[in-house]
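Undergrad: Let's see this in three dimensions:
(chains A and B)
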Amino acid sequence: MRVTIRLFARLRDIAGASDFERDVPAGSTASTVWISLAREFPDFNAYTDAVSTAVNEEYAKMDSTLSEGDEVAFLPPVSGG
Amino acid sequence: MGVLAFVVTADPLDLSSIITLVERRLEDGPSSAGAITSFLGTVRNNSRGRLVERLEYEAYEPLAVKAFRRIATESAERWPETHLAIHHRVGCLAVGEVSVAIAAASPHRANAFAACRYAIERIKQIAPIWKREYFDGGDVWVEGATADPEDDEARQTAFRLACV
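TA: Next comes the predicted model:
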């Protein structure tokens, strides 16, 4: 199935793209997508314990199961204000 | 014209418009304002021993607006009849520019102060917004809290800070 991945701040810089589509196996979770991204972009590994995720513009748990067409965002630690 | 309560924008922030907004929201209820507090976050000229030249803010806008709304709901549960508005800037900001504007209106000053402080502490915990510091010789993304709106410990920390 196809999902859209969105990245922000340093994660976007590391990947060199803010959003892109990926084919992932049915039953994928935010976590399994993250693990595959970390294989592609090894600098992501430093964020594995600190990253947050959002699915379809709502905060979600890393073990959330994704569906066809979902947008999954990975958020490094925030620094607004 | 409709000023919205929770906004992420590349335009300069206007505090007076959100003060008017929270005052009017409160007046829709039984009590008018006895106190209005506000907070402006501004770009400081130094950070961790370095001179800052400018900042760049980035947001996941739809989720940031939802986070602001969630913060206002949490605040209203704790401090009834206290209305919040939160506007956050994105893009490039020079030293001294306003990055975030918050207004709180309440019948009572203690609640207005507390809600305003709570809002900025929660923004720093859960708003999907990032700043990049540009200084002489480089730049760095600032990374603070892992955003988790369900983290009750973080929420209690914000409540404690709001009530000191």
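
Undergrad: how deep is the closest residue to chain B within chain A tucked in, by neighbour count?
TA: Proximity of chain A to chain B (Cβ to the nearest Cβ) peaks at A:Gly80, 2.9 Å away. Using the backbone N, CA and C atoms, a C-beta is placed for each residue, glycine as well. Under the neighbour criterion other Cβ atoms under 10 Å in any protein chain shown, A:Gly80 is assigned a count of 29.

Undergrad: Go ahead and report the secondary structure state at it.
TA: In three-state terms, and counting by DSSP: H, G, I helix; E, B strand; the rest coil, A:Gly80 is coil.

Undergrad: give me phi/psi at the residue nearest to B:Phe135 when sequence neighbours are not counted?
TA: Nearest residue to B:Phe135 in three dimensions, chain neighbours excluded: B:Arg50, at 4.5 Å (Cβ to Cβ, 6 or more residues apart in numbering or on different chains). The phi and psi torsions at B:Arg50 (degrees, to the nearest 10) take the values phi -120, psi 150.

Undergrad: Could you pull up the residues touching B:Arg50?
TA: By Cβ atoms under 8 Å, 6 or more residues apart in numbering or on different chains, the contact list for B:Arg50 reads B:133, B:135-136.

Undergrad: Out of the residues you listed, which is nearest to chain A?
TA: Nearest to chain A out of those is B:Glu133 (Cβ to the nearest Cβ; 9.3 Å).

Undergrad: need the contact list for the closest one.
TA: By Cβ under 8 Å, 6+ apart, B:Glu133 lies in contact with B:47, B:50, B:52, B:55, B:139-140, B:142.

Undergrad: mind checking pLDDT for the spatially closest residue to the residue of chain A closest to chain B that is not a sequence neighbour?
TA: Leaving aside its chain neighbours, A:Gly80 sits nearest to B:Ile129 (2.9 Å; criterion: Cβ to Cβ, 6+ apart). Confidence at B:Ile129, expressed as pLDDT, is 98.

Undergrad: re earlier: okay, the contacts of B:Glu133 in TSV with pLDDT and secondary structure next?
TA: Converted to TSV, the contacts of B:Glu133 look like this (pLDDT from 0 to 100; DSSP: H, G, I helix; E, B strand; the rest coil):
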residue	pLDDT	secondary structure
B:Ser47	92	strand
B:Arg50	92	strand
B:Val52	95	strand
B:Leu55	97	strand
B:Asp139	96	strand
B:Val140	96	strand
B:Val142	97	coil
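
Undergrad: and residue 9, what pLDDT?
TA: In the absence of a named chain, this looks at chain A. Taking A:Ala9 on its own, its pLDDT is 98.

Undergrad: let's do chain B instead
TA: For B:Thr9, the pLDDT comes out at 98.

Undergrad: give me the beta-bridge partners of it?
TA: Bridge pairing for B:Thr9 (DSSP bridges) gives the partners B:Arg89.

Undergrad: same question, B:His83
TA: B:Ala105.

Undergrad: That one - how many residues pack around it?
TA: B:His83: 26 surrounding residues under other Cβ under 10 Å.

Undergrad: can you map out the helices along chain B?
TA: B:15-27, B:61-78, B:109-126, B:152-162 (DSSP state H).

Undergrad: Can you lay out those as a markdown table showing mean neighbour count?
TA: Below are these laid out as a markdown table (neighbours: other Cβ atoms under 10 Å in any protein chain shown):
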| stretch | mean neighbour count |
| --- | --- |
| helix B:15-27 | 18 |
| helix B:61-78 | 19 |
| helix B:109-126 | 23 |
| helix B:152-162 | 15 |
